[in-house]
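Chemist: Kindly generate the corresponding structure for this input.
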Amino acid sequence: MTDAANFASKLSSELESVVLAVPGVDTLYPTKPVVATIVGAIVDALSQRDRTSNLVTVTMGEAGINVSVAFRVLNPEPAAEVCRLVFDSIATVLDARSITPIDGIHVTVASIG
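Modeler: So this is what the prediction gives:
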């Protein structure tokens, strides 16, 4: 695994824990397309490397780092407030690790229940 891929994998795992700790977040959903998830799992198995996470996607774009997360919000927490808390939690981790520039933090409520 390259340094960049290793960094993204570790950061993704850390962000999964951070997002799951946000009040109102119940479940994380994959943010990568299904085909990419399946191919990644096959490559991980064939290369005997550690399984990479796909619940929080971390990528590098031209303008900086991008983070994407999709999750389920539990009632009675207001979805908009949970989104703000998730966004702020991710931004706090990136800031604490001095990860700049940030191109985008994409927060999606995939279900409410």
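
Chemist: Check the gap between the residue lying closest to residue 25 once chain neighbours are set aside and residue 7 for me.
Modeler: Spatial nearest neighbour of residue 25, excluding adjacent residues (C-beta to C-beta, 6 or more residues apart in numbering): residue 71 at 5.0 Å. C-beta coordinates here come from the backbone N, C-alpha and C atoms, glycine included. According to C-beta to C-beta, to the nearest Å, residue 71 and residue 7 sit 23 Å apart.

Chemist: more crowded one of these two?
Modeler: Shown here are residue 71 and residue 7; by other C-beta atoms under 10 Å, residue 71 has more neighbours (26 against 16).

Chemist: Show the backbone phi and psi for that one.
Modeler: phi -150, psi 170 (degrees, to the nearest 10).

Chemist: Surely it touches residue 31?
Modeler: No - counting by C-beta atoms under 8 Å, residue 71 stays clear of residue 31, with 9.8 Å between them.

Chemist: Quick check: neighbours shared by these two?
Modeler: Here residue 71 and residue 31 have residue 108 as joint contacts, going by C-beta atoms under 8 Å, 6 or more residues apart in numbering.
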